[in-house]
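A.B. asks: got a structure for you, letters missing:
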């Protein structure tokens with residue numbers, strides 16, 4: 001049965017990625033190939049959507065915790081995912097991120113500033129009917145971002161929108177995971193009026209003992225700390241690590257799924273020369289207990 005489901009998944013992904021690759025090609029000027037980051041961050045060219053589908057399958061099989069690889073594959077192949085999000089899969093490595101984050105059925109998770117819902121949709125499918133995904137939209141940005149979160153709520157019965165202050169966020173129940181993708185650096189920008197130390201303390205309080213804090217962000221040059229958060233939208237990973245550990249978290253592991261050593265950290269992340277291909281760190285922290 002597992003072999004049949006995997007083959008079915010591969011064929012579904014081949015069809016969806018073929019369409020998605022066309023979207024990616026239009027957006028980035030690619031032709032028939034897809035550019036991905038291999039383990040360790042070097043750039044790799046995959047010649048077809050079929051090759052990429054098999055790469056995702058292998059990534060899920062290699063890294064899945066407790067046999068959840070099939071759930072990850074099913075989430076990635078969910079037909080409700082927009083084509084433009086599927087087209088970004090080769091750059092965002094969803095199978096590796098789901099596995100690294102250890103997302104499991106029944107988990108209660110928060111996705112901070114979910115945007116269009118790239119990860120919210122994946123989390124919703126994996127945690128299933130016994131789980132819950134809280135799409136947290138800060139009060140500071142809810143006027144323009146609540147509509148996107150409400151669309152996710154309408155499409156997925158286990159998604160709930162939450163508004164609040166980042167530095168005093170609370171949820172209806174203790175959480176297994178809090179997730180931020182490419183957002184943490186923004187909260188150091190003065191316009192967000194956020195006390196990041198208090199935010200990390202609020203995350204700590206919201207998690208169950210043993211809960212996971214997953215952070216993905218654009219790497220800045222060594223020694224720059226938070227000096228480039230507004231100019232380049234980057235943050236030094238080591239600086240972030242120290243901040244999170246100061247809140248009581250234990251640094252557990254790092255993934256290189258979206259690393260890119262060819263990025264010299266000098267460009268704004270929205271610069272077309274590097275957009276979508278920045279060097280990113282993925283950290284997993286854990287609340288003791």
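C.D. replies: Good, I have the coordinates. Quick caveat: nothing in here was measured; it's all calculated off a predicted structure.

A.B. asks: and residue 52, what pLDDT?
C.D. replies: pLDDT for residue 52: 56.

A.B. asks: can you give me the strands in the stretch 151-289 of the chain?
C.D. replies: Here the stretch 151-289 of the chain has its strands, by DSSP state E, counting those that start in this stretch, at 159-164, 175-181, 207-218, 250-255, 280-286.

A.B. asks: Check what contacts the fourth one and list those residues.
C.D. replies: Around strand 250-255, the neighbours that count as contacts under CB atoms under 8 Å, 6 or more residues apart in numbering are 96-97, 100, 241, 244-245, 281-288. Using the backbone N, CA and C atoms, a C-beta is placed for each residue, glycine as well.

A.B. asks: Ok, the second one next?
C.D. replies: Residues outside strand 175-181 that contact it (CB under 8 Å, 6+ apart) are 101-104, 107-113, 118-119, 123, 134, 203, 206-208, 211-217.

A.B. asks: again with the last one
C.D. replies: Surrounding strand 280-286, the residues in contact under the criterion CB under 8 Å, 6+ apart are 97, 100-102, 182, 210-219, 237, 240-241, 244-245, 249-260.

A.B. asks: Quick check on those: which are buried?
C.D. replies: When the contacts of strand 280-286 are checked for burial by 16 or more other CB atoms under 10 Å, the buried set is 97, 100-102, 182, 211-219, 237, 240-241, 244, 249, 255-260.

A.B. asks: Now residue 140: closest residue in space that isn't a chain neighbour?
C.D. replies: residue 192 (5.8 Å; CB to CB, 6 or more residues apart in numbering).

A.B. asks: err, residue 241, not the other one
C.D. replies: Closest to residue 241 by CB to CB, 6+ apart is residue 251, at 5.8 Å.

A.B. asks: So what sits opposite that neighbour in the bridge?
C.D. replies: Applying DSSP bridges to residue 251 yields these beta-bridge partners: residue 285.

A.B. asks: Surely residue 166 touches residue 200?
C.D. replies: No: counting by CB atoms under 8 Å, residue 166 does not reach residue 200; the two are 9.9 Å apart.

A.B. asks: List the contacts of stretch 137-148.
C.D. replies: Applying CB under 8 Å, 6+ apart, the contact partners of stretch 137-148 are 113-117, 149, 161-166, 192-194.

A.B. asks: Show me which of these is closest to residue 83.
C.D. replies: residue 116 (12.2 Å; CB to CB).

A.B. asks: Thought residue 88 was touching the closest one, still the case?
C.D. replies: No: look at residue 116 against residue 88 with CB under 8 Å: they stay out of range, at 10.1 Å.

A.B. asks: Keep only those of the contacts of stretch 137-148 that are in helices.
C.D. replies: Counting by DSSP state H, the contacts of stretch 137-148 place residue 149 in helices.

A.B. asks: For residue 83, give its distance to residue 89.
C.D. replies: Using CB to CB, to the nearest Å, residue 83 is found at 11 Å from residue 89.

A.B. asks: okay, these two: which has more neighbours?
C.D. replies: More crowded of residue 83 and residue 89, by other CB atoms under 10 Å: residue 89, with 24 against 12.

A.B. asks: For burial, what's the neighbour tally of residue 190?
C.D. replies: 8.

A.B. asks: before we move on, what about the one 5 residues further on?
C.D. replies: Taking other CB under 10 Å as the criterion, the count of residues near residue 195 is 15.

A.B. asks: Just want to check the distance between residue 76 and residue 248.
C.D. replies: 34 Å.

A.B. asks: For residue 151, give me the pLDDT.
C.D. replies: So, for residue 151, pLDDT stands at 97.

A.B. asks: Residue 66 too?
C.D. replies: 58.

A.B. asks: what do you get for the one 5 residues further on?
C.D. replies: Model confidence at residue 71, given as pLDDT, is 92.
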